[in-house]
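structure of the sequence below:
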Amino acid sequence: MASTETTAAQDAGSVEAGLDALETTATGRPPFRKTFVDKILPPIIAVAVVLVAWYLLYPIVDNPTKLPSPGAVGSAFRDSWLKGELLGYIWTSVSRGLLGFAFALLIGTPLGLLVARVKFVRAAIGPILSGLQSLPSVAWVPPAVIWLGLNNSMMYAVILLGAVPSIANGLVSGVDQVPPLFLRAGRTMGATGVKGIWHVTLPAALPGYVAGLKQGWAFSWRSLMAAEIIASFPDLGVGLGQLLENARTVSDMAMVFEAILLILFVGIAIDLLLFSPLERWVLRSRGLLVRG
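Purely as a prediction, here's the structure:
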């Protein structure tokens, strides 16, 4: 009988060891060749395919006012760089976008917690938040101009109205997915009130919250571009949206493509530098993403 129990224990231990081995993450740095093939080469190929298609389409369209050549767009970038204006365009928009997103974060996080935890508040404004999230950001520009005038306050108001619902709804979704067992265990250990929110609810809701942050940034950036395109004013400086509108006014398609590519580049860069690492850290900390 004892030998049977010993054998069963050994079998169970071997199974557990095997599962642990499957879940063991590789801590060493992967070789450069693998990193290059997996992460660097695919976007290079994608850009090359787009450039080839662009070169092939340009002679077919044969109208620079509709489709500029890649060389003309490159010249527009070079001229902006030589004039010292290129970084100014980017910084004007990025500084507004990040500051507005920070304000949206400060407002959307407590609002999301309030909606998620208080039934009356959820019933009262939950559907409104969902409706605001589906409302196009450009719709807020005219009333914001009327209320606040042509200034940076108007820009930030449009960003807030576009981003806060996404951040709040993302947090609500994350809180809804927290297992009730976590909350009961937290209360048993004395984590109630603010302490329970900080140590139990927020960490458990982090995946949904991060998804809401990514979506909130996307709405922030789109809202800002809409505001800069529609509400142009010399005192506001020239951001990427204003650059796009200026190019449309003078029918300069090379500058139009320059502005579009810059807007796309900034959106991708912010996601790669801020939100993708944050998302990978959250997933890896929960065993949902394995290194190597």
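
so which bits of stretch 254-267 are buried?
Ala254, Met255, Val256, Phe257, Glu258, Ala259, Leu262, Ile263, Val266, Gly267 (16 or more other Cβ atoms under 10 Å). No exception for glycine: its C-beta is placed from N, CA and C like everyone else's.

ugh, wrong one, I meant stretch 153-169
Residues 154-169 are the ones in stretch 153-169 that count as buried (16+ other Cβ under 10 Å).

Leu132: which of those is nearest?
Pro165 (4.2 Å; Cβ to Cβ).

tell me the SS of the closest one?
Three-state call for Pro165 (DSSP: H, G, I helix; E, B strand; the rest coil): helix.

residues touching it, list them.
By Cβ atoms under 8 Å, 6 or more residues apart in numbering, Pro165 lies in contact with Gly108, Leu129, Ser130, Leu132, Gln133, Phe219.

compare those residues and tell me which is most surrounded.
Gly108 (26 neighbours; other Cβ atoms under 10 Å).

re earlier: dump the contacts of Pro165 to a markdown table, plus distance to Met225.
Shown next, in a markdown table, are the contacts of Pro165 (distance: Cβ to Cβ, whole Å):
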| residue | distance to Met225 |
| --- | --- |
| Gly108 | 20 |
| Leu129 | 23 |
| Ser130 | 23 |
| Leu132 | 18 |
| Gln133 | 18 |
| Phe219 | 11 |
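
tell me which of those residues fall in strands.
Judged by DSSP state E, strands contain none of these.

mind listing which of the residues you listed are in helices?
In helices, judged by DSSP state H, the following of the contacts of Pro165 are found: Gly108, Leu129, Ser130, Leu132, Gln133, Phe219.

put together CSV for those, with distance to Gly174 and pLDDT on each row.
Below are the ones in helices among the contacts of Pro165 laid out as CSV (distance: Cβ to Cβ, whole Å; pLDDT from 0 to 100):
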residue, distance to Gly174, pLDDT
Gly108, 12, 92
Leu129, 14, 88
Ser130, 15, 85
Leu132, 19, 86
Gln133, 15, 83
Phe219, 17, 89
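
and these, which is closest to Tyr55?
For the ones in helices among the contacts of Pro165, with Tyr55 as the reference and Cβ to Cβ as the criterion, the closest is Phe219, at 34.6 Å.

next, Ser69: phi, psi?
phi -80, psi 150 (degrees, to the nearest 10).

what does the model give it for pLDDT?
We have a pLDDT of 86 for Ser69.

same question for the one 5 residues further on.
As summarised for this prediction, Gly74 has a pLDDT of 90.

which one of the ones in helices among the contacts of Pro165 is nearest to Pro42?
For these, the nearest to Pro42 is Phe219 (27.3 Å; Cβ to Cβ).

so Leu150, which of the three states?
Under the three-state scheme (three-state DSSP), Leu150 adopts coil.

might you list the low-confidence residue ranges for the stretch 51-200 of the chain?
182-183, 190-199 (pLDDT under 70).

now do the helices in it.
For the stretch 51-200 of the chain, the helices defined by DSSP state H, counting those that start in this stretch occupy 70-82, 86-117, 119-134, 141-148, 152-176, 180-188, 193-196.

of those helices, flag the one that's most buried.
Most buried of the helices of the stretch 51-200 of the chain, by mean neighbour count (mean count of other Cβ atoms under 10 Å): helix 152-176, with a mean of 24.

tally up the residues packed near Val210, please.
By other Cβ under 10 Å, neighbour count at Val210 equals 19.

what pLDDT is listed against it?
Val210 is given a pLDDT of 88.

what helix or strand is it located in?
Per DSSP states H and E: Val210 is located in helix 206-230.

show me what the next helix or strand after that helix is packed up against.
Downstream of helix 206-230, the next assigned helix or strand under DSSP H and E is helix 240-249. If contacts are counted by 3 or more Cβ pairs under 8 Å, 6 or more residues apart in numbering; DSSP states H and E, helix 240-249 sits against helix 86-117, helix 206-230, helix 253-270.
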